[in-house]
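**Student:** Here is a sequence together with a model predicted from it:
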Amino acid sequence: MRLVTFQAGKEAHPGVLTKSDMVVDLARIGFASLLEVIEAGPAARENVEQFLSGPRVEARKLADVSLAAPIPRPRKLICVGLNYRDHAEETGAQIPKTPTIFNKFHTAVIGPGAKVVLPKVSKAPDYEAEFAFVIGAGGRNIAAADWRKHVFGYTLVNDVTARDYQRATSQWLMGKTFDTFAPMGPWIITADEIADPHELDIQMEINGEILQDSNTRELIFKIPELIEFLSSVFTLEPGDIVSTGTPSGVGFARKPPRYLHPGDQMIVRMPAIGELRNQVVAES
């Protein structure tokens, strides 16, 4: 099942995308947001499926709606740094023994088709194609073996980064959370649709050129380990998003470096999930 957030007039509504790419409004069965769907647990899934099987379900063509980020204001957007073996190799870094964790604020989150604004103060804006998982059932001190009980689904993130701000101190936050620096979407695909999330192709395409091309098998810390590690420190809540890191091919590691420029057309692509498209513009 593919779940979306779309604009219905001035309001954002939760929806489900059918196999024929039609968007069905879940506000019609009482859900105000995808977060409410996630928080409702398995009963929500049954409710949605029953609704879809009913007579004369109204739907809109995907091409006729504007998608927002699936969860526009996540409680937590947790990111993992240096988590692909091929990325560690290209940067000359040692394989980490402990996950590097940082976050992005919800003010960085934008949806598919929205513009990534390059700040005037940064001279080194970079791209990062990432695979993210969405927490369903929350909890604290979750065992790695129980990870499937806590993953609701998967989505795509572009971890746009101002490298100069990232490197200015040992803390990465200021280089990671400029407004618009967390494109997300185009939807959440529920966990049952993906048999093995650690065997998925991932790419970044910019202006028709493939710049990142890898597979989630390259992940150093996989989903079970991340859930156990994160929940050992803080409570994971429904709708929390964990972006698992980026593979090799990032701009700063290229010779010469390939940073983002106004007009660039970025596509994060995972065939198992979809495509996240965003254009780059200059700050006015």
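**Tutor:** That came in fine, so what should we check first?
**Student:** Run through who's touching the lowest-mean-pLDDT helix or strand in the chain.
**Tutor:** Among the helices and strands of the chain, helix 85-91 carries the lowest confidence by mean pLDDT, DSSP states H and E, at a mean of 91. Contacts to helix 85-91, defined as C-beta atoms under 8 Å, 6 or more residues apart in numbering, come from residues 82, 94-96, 214, 218-220, 245-250, 253. C-beta here means a position set from N, CA and C on the backbone, and glycine is covered the same way.
**Student:** repeat that with 10 Å
**Tutor:** Residues from elsewhere that reach helix 85-91 (C-beta atoms under 10 Å, 6 or more residues apart in numbering): 81-82, 84, 93-96, 128, 212-215, 217-220, 245-250, 252-254.
**Student:** ok, what's across the strand from Thr155?
**Tutor:** Thr155 has these beta-bridge partners by DSSP bridges: Ala132.
**Student:** thought it was touching Ile273?
**Tutor:** Yes - proximity of Thr155 to Ile273 meets the contact threshold set by C-beta atoms under 10 Å, at 6.9 Å.
**Student:** Give me the common contacts of the two.
**Tutor:** Residues touching both Thr155 and Ile273 comprise Arg2, Phe131, Ala132, Gly185, Pro186, Trp187, Ile188, Ile189, with contact defined as C-beta under 10 Å, 6+ apart.
**Student:** ok, the first one - how many residues close by?
**Tutor:** Residues near Arg2, counting by other C-beta atoms under 10 Å, number 22.
**Student:** Please apply the same query to the fourth one.
**Tutor:** If you count neighbours by other C-beta under 10 Å, Gly185 ends up with 30.
**Student:** So it lies in a strand, does it not?
**Tutor:** Yes - if the criterion is DSSP: H, G, I helix; E, B strand; the rest coil, then Gly185 is within a strand.
**Student:** Identify the residue spatially nearest to it, adjacent ones excluded.
**Tutor:** Nearest non-adjacent residue to Gly185, counting by C-beta to C-beta, 6 or more residues apart in numbering: Pro112, 4.2 Å away.
**Student:** check contacts around that neighbour.
**Tutor:** Taking C-beta under 10 Å, 6+ apart as the test, what Pro112 contacts is 4, 66-70, 156, 183-187, 268, 274-278.
**Student:** element containing it?
**Tutor:** Using DSSP states H and E, Pro112 sits within no helix or strand.
**Student:** So which residues of the stretch 101-250 of the chain form helices?
**Tutor:** Remark: helices of the stretch 101-250 of the chain, listed N- to C-terminal, are 163-167, 173-176, 223-231; assignment by DSSP state H, counting those that start in this stretch.
**Student:** quick one: which of the ones you listed is nearest Lys104?
**Tutor:** helix 173-176 (5.6 Å; C-beta to C-beta).
**Student:** and that closest one, what does it pack onto?
**Tutor:** In this structure, helix 173-176 packs against strand 77-81, strand 100-104, strand 161-162, helix 163-167, with contacts taken as 3 or more C-beta pairs under 10 Å, 6 or more residues apart in numbering; DSSP states H and E.
**Student:** Now that helix: buried residues?
**Tutor:** Gly175, Lys176 (16 or more other C-beta atoms under 10 Å).
**Student:** contacting residues around that helix?
**Tutor:** Outside helix 173-176, the residues that touch it by C-beta under 10 Å, 6+ apart are 77, 79, 81, 102-105, 108, 122, 124-126, 128, 159-169, 181-182.
**Student:** where does this structure dip in pLDDT?
**Tutor:** With pLDDT under 70 as the threshold, the chain has no low-confidence stretch at all.
**Student:** Could you list the domains of it?
**Tutor:** Taking automatic domain parsing as the domain assignment, the record places the domains of the chain at 2-68, 77-282.
**Student:** gap between the first one and the chain center?
**Tutor:** Offset of domain 2-68 from its chain centre (C-alpha atoms, centre = their mean, to the nearest Å): 19 Å.
**Student:** for the longest one, same thing?
**Tutor:** Its chain's C-alpha centre and that of domain 77-282 lie 6 Å apart, by C-alpha atoms, centre = their mean.
**Student:** 4 is where my numbering starts, stick with that
**Tutor:** OK, 4 is where the count begins now, so the last one is domain 80-285.
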